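Mind folding the following:
(2 chains)
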Amino acid sequence: MKKVLVVCSNGLGSSLMLKSNIQKVCREKGIDATVEHCDLGSAPSMIQDFDLVVTSEGLAGELQGFGVPVVTVVNFISPTEVEEKVLKHLQ
Amino acid sequence: MRGFLGFIVNDILSQPAVIAGLMAMIGLIALRKPLRTIITGTLKTIVGFLILGVGAEAIVQSLDPLGEILNRGFGIQGLIPNNEAIVGVAVKTLGQQTALIMSLGFLFNLLFARITPFKYVFLTGHHAFFMACLLSAVLTAADIRGTAAVLIGSVLLGLLMVGIPALAQPFMRRVTGDDNLAIGHFGTFGYVSAALIGKWFGNPEKSTEDLKVPQGLSFLRDTTVSTALTMVLIYVIVALLAGPGVTAEAAGEQHYLMFAVMQGLMFAVGLYVILAGVRMMLAEIVPAFQGIAEKIVPDAKPALDCPITFNYAPTAVIVGFITSFAGGLVGLAILAALGAPLIIPGLVPHFFTGATAGVFGNATGGRRGAVLGAFVNGLLISFLPAMLLPVLGDIGFENTTFGDTDFSVVGIIIGYLAQWLH
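Residues are numbered from 1 along each chain as shown, chains lettered A, B, ... in the order given. A predicted model of the protein is given here:
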């Protein structure tokens, strides 16, 4: 089962929304994945436990170099964007 | 009230943490979650709220000496606007009312979204929480308490939760090119001002996104880092200006500059703990609210936290932040010249609101719109909190206050209206 980490600056606004978006898409497509969310500060200490990181373009730079693929999303509530960009990493 | 019912009302429900936990529990039960999820969700919400309280203690301890030094050294009042800090301070006395206003506010959001053409669901939980606290503070300062305060506060909160996103939407459409996404953030007065300034004075042909700006500042997006940097800087500057004599009374045995550095860091510590508490508290409540909202108002637009706009104009984010901060410095100078309470510009409020103002200003008026609009936002978040102070009541004495524009605007309107009606 794949583990996804959603990261935003404070870990309580955008990441929570994107997390529920990804969870919904996974449910609909029958993909088995757990999704967690956190703030940028906590991410480096948790990131190694995950298979994929999803975040916004502005934060992606801070999350590179940990050996975990980083995917960026523009519209946090768009199921289509999640389908296009995130799902292929979870197959 | 006596007996068992009295115990429930006076002892259990007077704990704001418990009220928040009940909110989560009701939401999770309504969504038919398994029992283990209901138990862990409810417990984590209660614990999150209590963690908030612990962080608040640390923040107050870090701010008190700053207030003393400013007062004794310069005879002035200086405030660091920080939503988490002021709410942390407020929940000690206003926690119960805040939790009730927030819970009922969510219900009124759903009601208004269902029966009016303003189909917005306000999903930025921490802002709903902060606004509930602001409403509680201003109503209490106006001597409106108890059931009346909770009712008035929650109806107002519900109205704001549909009204503020509606206000921003004509411009939000320009930012995202999509009408399905709304912004639910209580800095909207600043964002709409920026958008209007862009519309009147800007040139939409020349976007900020055509400019090249260094991207190396993304480490500032880590709130703990940027808060620690700002607060240490502020504390050290104030200590240097006040001199070792004045600072020594607060610093005691410790070297005065080292004291300043440690106090600044303590603020970041308190903030981190408050944020951790709010995060844990909302992790269950917001998804539960979202789930229920989908059933009651299925055609509603989600109104989300301001960083969702950043992806649409990343350069405007940086331009907006810098010019808003410049506006904050100019605002500080003007406040000092007027002898008014000083609103010290903070990296975090100027980043989030300035960046969003920049994005809105760019959408209507290109780079000129972004620069002028964000600058005006910087001025607004300097003057408005100073104007809010007289109606904020007792919680305004801890050298911190609300940062984003809408908290001040709503507080000022209600505070002065209540005074006028009395």
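
Distance-wise, check the nearest residue to B:L347 once chain neighbours are set aside relative to B:P385.
By the measure of Cβ to Cβ, 6 or more residues apart in numbering or on different chains, the closest residue to B:L347 outside its immediate chain neighbours is B:T230, 4.2 Å from it. C-betas here are computed from N, CA, C, even on glycine. With distances taken as Cβ to Cβ, to the nearest Å, B:T230 is found 16 Å from B:P385.

and the gap between A:F66 and A:D49?
In terms of Cβ to Cβ, A:F66 sits 11 Å off from A:D49.

Mind checking which of B:T230 and B:P385 has more residues around it?
Higher neighbour count among B:T230 and B:P385: B:P385, with 29 against 23, using other Cβ atoms under 10 Å in any protein chain shown.

wait, the more buried one sits on B:D406?
No. Look at B:P385 against B:D406 with Cβ atoms under 8 Å: they stay out of range, at 11.7 Å.

ok, back up a step: OK, contacts around the residue nearest to B:L347?
B:346-348 (Cβ atoms under 8 Å, 6 or more residues apart in numbering or on different chains).

In helices, which of those residues fall?
Using DSSP state H, B:347-348 are the members of these that sit in helices.

residue nearest the centroid of the chain?
Went with chain A since none was named. A:V54 (2.7 Å; Cα atoms, centre = their mean).

Wait, chain B was what I had in mind.
Chain B, centroid-nearest residue using Cα atoms, centre = their mean: B:N83 at 4.0 Å.

Against B:L123, how distant is it?
In terms of Cβ to Cβ, B:N83 sits 17 Å off from B:L123.

cool, and A:S42?
22 Å.

swap in A:V82?
17 Å.

go on, B:S324?
Distance from B:S324 to B:L123, by Cβ to Cβ: 25 Å.

more neighbours, those two?
Counting neighbours by other Cβ under 10 Å for B:S324 and for B:L123 shows that B:S324 has the greater number, 33 against 28.

which residues touch the more buried one?
Per Cβ under 8 Å, 6+ apart, neighbours of B:S324: B:350, B:353-355, B:357-358, B:374-375, B:377-378, B:381.

so where is the stretch 251-400 of chain B shaky, pLDDT-wise?
For the stretch 251-400 of chain B, no stretch has pLDDT under 70.

For chain A, what's its nearest residue on it.
B:D305 (2.8 Å; Cβ to the nearest Cβ).

tell me what whichever strand or helix holds B:T364 is packed against?
B:T364 is part of helix B:347-388, with elements assigned from DSSP states H and E. Secondary-structure packing of helix B:347-388 (3 or more Cβ pairs under 8 Å, 6 or more residues apart in numbering or on different chains; DSSP states H and E): strand B:78-81, helix B:146-176, helix B:188-201, helix B:223-251, helix B:314-338, strand B:342-343, helix B:405-421.

After that helix, which helix or strand is next?
Next element after helix B:347-388 (DSSP H and E): strand B:400-401.

neighbouring strands for that following strand, and are they parallel or not?
strand B:78-81 (parallel) (DSSP bridges).

Flag every buried residue along the strand it pairs with.
Going by neighbour count (16 or more other Cβ atoms under 10 Å in any protein chain shown), the buried part of strand B:78-81 is B:78-81.

and stretch B:203-213, how far out from the chain's middle?
Mean-position distance between stretch B:203-213 and its chain equals 29 Å (Cα atoms, centre = their mean, to the nearest Å).

same question, stretch B:181-199
For stretch B:181-199, the distance to the chain centre is 15 Å (Cα atoms, centre = their mean).

Does chain A have contacts with it?
Yes. Using Cβ under 8 Å from any Cβ of the partner chain, stretch B:181-199 reaches chain A at B:L181.

Quick check: residues of the stretch 201-350 of chain B near chain A?
B:215, B:218-219, B:221-225, B:272, B:275, B:278-279, B:282-283, B:286-287, B:290, B:302, B:304-308, B:310-312, B:314, B:317.

is chain B contacted by the helix or strand bottoming out on mean pLDDT in chain A?
Using mean pLDDT, DSSP states H and E, helix A:57-60 stands out as the lowest-scoring helix or strand of chain A, at a mean of 88. Yes. Using Cβ under 8 Å from any Cβ, helix A:57-60 reaches chain B at A:57-59.

Just the C-alphas of that helix, formatted as CSV.
Taking Å, rounded to 0.1, in the frame of the first residue of the first chain, the C-alpha atoms of helix A:57-60 are listed here in CSV:
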residue,chain,number,x,y,z
GLU,A,57,5.3,24.6,-6.6
GLY,A,58,6.5,27.1,-4.2
LEU,A,59,7.4,24.5,-1.5
ALA,A,60,8.7,21.8,-3.8
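
I'd like the average pLDDT over the helix or strand following it.
Per DSSP H and E, the first helix or strand lying C-terminal to helix A:57-60 is strand A:70-72. Averaging pLDDT along strand A:70-72 gives 94.

ditto for stretch B:107-120
Here the average pLDDT along stretch B:107-120 is 96.

Can you list the buried residues in the helix ranked longest in chain A?
In chain A, taking DSSP H as the definition, the longest helix is helix A:14-29. Neighbour counts over helix A:14-29 (16+ other Cβ under 10 Å) mark A:14-26 as buried.

show me which of these neighbour chain B.
Answer for the buried residues of helix A:14-29 near chain B (Cβ under 8 Å from any Cβ): A:14, A:16-17, A:20.

Distance from the least confident helix or strand of chain A to the middle of the chain?
The answer for helix A:57-60 is 12 Å, by Cα atoms, centre = their mean.

Only the buried residues of that helix, if you could.
In helix A:57-60, counting by 16+ other Cβ under 10 Å, buried: A:58-60.

for it, packing partners?
Going by 3+ Cβ pairs under 8 Å, 6+ apart, helix A:57-60 lies up against strand A:70-72, helix B:314-338.

partners of the shortest one in the sheet?
Translated: strand A:70-72. strand A:52-55 (parallel).

OK, now which residue of chain A is nearest to chain B?
A:G13 (2.8 Å).

Next, the contact list for that residue, please.
Contacts of A:G13 (Cβ under 8 Å, 6+ apart): B:124-126, B:304-307.

Look up phi and psi at it.
phi -110, psi -80 (degrees, to the nearest 10).

Equivalent analysis for A:V6, please.
According to degrees, to the nearest 10, A:V6 has phi -100, psi 130.

Hmm, A:L52 and it touching each other?
No. With contacts counted by Cβ under 8 Å, A:V6 stays clear of A:L52, the gap being 9.5 Å.

Which positions in chain A make contact with chain B?
Counting by Cβ under 8 Å from any Cβ, chain A sits next to chain B at A:8-14, A:16-17, A:20, A:37, A:39-41, A:56-59, A:61-62, A:73-77.

Show me where chain A dips below the pLDDT cut-off.
Using pLDDT under 70, chain A has no residue that qualifies.

same deal with the stretch 1-150 of chain B?
In the stretch 1-150 of chain B (pLDDT under 70), the answer is B:1-2.

can you give me the helices in it?
B:3-6, B:16-30, B:35-74, B:83-115, B:125-141, B:146-176 (DSSP state H, counting those that start in this stretch).

And the next helix or strand past the longest helix of chain A?
Next element after helix A:14-29 (DSSP H and E): strand A:33-39.

and the angle from that following strand to helix A:14-29?
170 degrees (axes from the mean of the first three to the mean of the last three Cα atoms, to 10 degrees).

Report all helices and strands that the helix or strand that strand A:33-39 is followed by contacts.
Counting by DSSP H and E, the element after strand A:33-39 in chain order, helix or strand, is helix A:43-46. Counting contacts by 3+ Cβ pairs under 8 Å, 6+ apart, helix A:43-46 is packed against strand A:2-8.
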